[in-house]
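In: Sequence unavailable; structure follows:
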């Protein structure tokens, strides 16, 4: 393209390029870029001119050429597919009539911040520096699948909408970001796809509003994040999908509203993460799925969880904050998978690791009571007996109380009606208390049981005391042994 074919605005951009100077056509800093379609020729630049500059633009000895343009209306398609651009590209506060095409292009740096665009096609693009889309407004799809960004990806305050689109509005699947993905205040209507992506730094989605009701707001299967995913004070309408993801740091959902009524709001099955924070938030509207997840630190406020959770094979090392077992058990009662023994064992183990043995025993008792509901009627009857008498072995003091009660009954009964001595000349002096103890305690002998023989219903009372004594004494010994072994 010859320079004499350029308009005045284009010539200004052409002459600034080899010197690395900026051209700013804005008339006011607060002007609305959405009105750019009405901007006149004095601030209109053809996309083909920008393409010619980037591919074969003039050079100035001793200067670093760059395209730095603000406040311009860019007409036509900026087509850079397969191109290698050795100059920084900064097109800020610009209004694009057509979506730029950067498929498989390689650029030093790309900055489209504060611009308005119909979309962006940049599959498999490589950026040696950073990609800035800060506060950009897209009215179509942003395709960055397979992109390789050596630095950070900036999406702070960006807005992406694509009416009637049947594809994800932001496509970052299989993309690789060499530093942080910063998207505070991001607004999207439609799905964000991050499946198979990797981020060497952290992902920041604080104050974001992601809306795709009834479907996935974020689909991030097997996402790999070496840092944290911070998602505070955000709102998500739809579900967050993190199946198989690996997060080395923490997934922080504090103060965030998750809403997907009738379905999962957080789908994090088979994930591996350092920490998961769910606290100080409104109750989740929808399910929380943590099947087969492995979490080092689980910071979970029980009142944040919604009506249904799925905890099959969830493994965690530390559970904070320290809450009474009664509050933690409510989430196990809401498990959509029904009775999950492993969930009770994990909770009991977490209490034991912090030395709260009473809470651990309470969880184990709750586990037996939950199991009882799954048994046939005859199994439930025996369960009620075990619960009432010895608390399934986790209430050994209750067994002691029963033993003392039976001791009192036997002592009174045999004190009022002495059993007959087997050998009157050799029998010791009868003592109703020690005779009852001989019947109740299976190991200790005071010589009373072998010397006297009750008759009638007193004999059947003796049989009952022997049977219940064996059961209750064994329970007491088991409880003491369990306590000593933990010591």
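Out: That came through fine. Values in this document were obtained by computation on a predicted structure and should not be read as measured data.
In: Helix, strand or coil: sort out the residue sitting furthest away from the middle of the chain for me.
Out: When distances to the mean C-alpha position of the chain are computed (Cα atoms, centre = their mean), the maximum falls on residue 425, with 78.8 Å. Look at residue 425: counting by DSSP: H, G, I helix; E, B strand; the rest coil, its state is coil.
In: likewise residue 347?
Out: helix.
In: Which secondary structure state is assigned to residue 14?
Out: Strictly by three-state DSSP, residue 14 counts as helix.
In: Can you tell me what sits against stretch 54-72?
Out: Stretch 54-72 has contacts (Cβ atoms under 8 Å, 6 or more residues apart in numbering) with 9, 13-14, 16-27, 31, 33, 39, 43-45, 50, 53, 80, 83, 85, 87-95. In short, each C-beta sits where N, CA and C put it, glycine included.
In: Check which residues of that stretch are buried.
Out: Of all the residues in stretch 54-72, those buried under the rule 16 or more other Cβ atoms under 10 Å are 54, 57, 65, 66, 67, 68, 69, 70, 71, 72.
In: Let's see which of the residues you listed end up in strands.
Out: In strands, defined here by DSSP state E, the members of the buried residues of stretch 54-72 are 67, 68, 69, 70.
In: I'd like these laid out as a markdown table, including distance to residue 421.
Out: Putting these into a markdown table (distance: Cβ to Cβ, whole Å) gives the following:
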| residue | distance to residue 421 |
| --- | --- |
| 67 | 115 |
| 68 | 114 |
| 69 | 115 |
| 70 | 113 |
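In: okay if I get those as CSV plus pLDDT and distance to residue 192?
Out: Below are these laid out as CSV (pLDDT from 0 to 100; distance: Cβ to Cβ, whole Å):
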residue, pLDDT, distance to residue 192
67, 96, 29
68, 97, 30
69, 97, 29
70, 97, 28
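In: Where does pLDDT dip in this structure?
Out: Scanning the chain for pLDDT under 70 picks out 1-4, 389, 393, 396-397, 473-487.
In: which residues in it form helices?
Out: Applying DSSP state H to the chain gives helices spanning 8-16, 47-56, 325-333, 341-353, 357-372, 377-390, 396-416, 432-440, 457-486.
In: who does the fourth one touch, helix- and strand-wise?
Out: The helices and strands touching helix 341-353, judged by 3 or more Cβ pairs under 8 Å, 6 or more residues apart in numbering; DSSP states H and E, are strand 315-320, helix 325-333, helix 357-372.
In: right, so the ones you listed: which one is the most enclosed?
Out: helix 357-372 (a mean of 19; mean count of other Cβ atoms under 10 Å).
In: so what does that helix touch, helix or strand wise?
Out: So helix 357-372, by 3+ Cβ pairs under 8 Å, 6+ apart, packs with helix 325-333, helix 341-353, helix 377-390.
In: Give me the contact list for it.
Out: Taking Cβ under 8 Å, 6+ apart as the rule, helix 357-372 contacts 324-326, 328-329, 332-333, 339, 341, 344-345, 347-349, 351-352, 379-380, 383-384, 386-387, 391-392, 394-395, 483, 486.
In: before we move on, back to that, export the helices and strands packed on helix 341-353 as CSV, with columns for distance to residue 464.
Out: Below are the helices and strands packed on helix 341-353 laid out as CSV (distance: least, Cβ to Cβ, whole Å):
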stretch, distance to residue 464
strand 315-320, 44
helix 325-333, 35
helix 357-372, 25
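In: Now which of the contacts of helix 357-372 would you call buried?
Out: For the contacts of helix 357-372, buried by 16+ other Cβ under 10 Å: 325, 328-329, 332, 344, 347-348, 351, 383, 386-387, 391-392, 394-395.
In: now, among these, which is nearest to residue 273?
Out: residue 347 (18.7 Å; Cβ to Cβ).
In: Do me a favour and get the end-to-end distance for stretch 35-42?
Out: 15 Å (Cα to Cα, to the nearest Å).
In: in it, what's buried?
Out: 36, 39.
In: repeat for stretch 279-297
Out: Result for stretch 279-297 [16+ other Cβ under 10 Å]: buried residues 279, 281, 284-293, 295, 297.
In: ok so, going back, just the contacts of stretch 54-72: which are in strands?
Out: 22, 23, 24, 44, 45, 85, 89, 90, 91, 92, 95.
In: Check the gap between residue 152 and residue 119 for me.
Out: Separation of residue 152 from residue 119 (Cβ to Cβ, to the nearest Å): 22 Å.
In: try residue 148
Out: 20 Å.
In: can you check residue 349 too?
Out: Distance from residue 349 to residue 119, by Cβ to Cβ: 51 Å.
In: now swap in residue 144 and tell me
Out: 11 Å.
In: ok, the two, which is more surrounded?
Out: residue 144 (28 against 20; other Cβ atoms under 10 Å).
In: Next, the contact list for the more buried one, please.
Out: 120, 122, 123, 125, 170, 171, 172, 175.
In: what does residue 346 give?
Out: Residue 346 neighbours (Cβ under 8 Å, 6+ apart): 311, 314, 315, 316.
In: go again using 10 Å as the cut-off
Out: Listed by Cβ atoms under 10 Å, 6 or more residues apart in numbering, the contact set of residue 346 reads 298, 311, 313, 314, 315, 316, 317, 319, 332, 340, 363.
In: Distance of residue 46 relative to residue 72?
Out: Distance from residue 46 to residue 72, by Cβ to Cβ: 10 Å.
In: again but with residue 219, I slipped
Out: 35 Å.
In: Residue 187 contacts residue 217, correct?
Out: No: at 11.6 Å, residue 187 does not count as touching residue 217 under the criterion of Cβ atoms under 10 Å.
In: Quick check: neighbours shared by these two?
Out: Common neighbours of residue 187 and residue 217 (Cβ under 10 Å, 6+ apart) are 208, 209, 210, 211, 235.
In: Show me what the last one bridges to in the sheet.
Out: As for beta bridges, residue 235 partners with residue 209, residue 257 under DSSP bridges.
In: Neighbours of it, how many?
Out: 16.
In: List the residues that contact residue 108.
Out: 66, 84, 85, 86, 87, 88, 89, 127, 128, 129, 130, 150.
In: Among the residues you listed, which one lies nearest to residue 254?
Out: residue 130 (27.8 Å).
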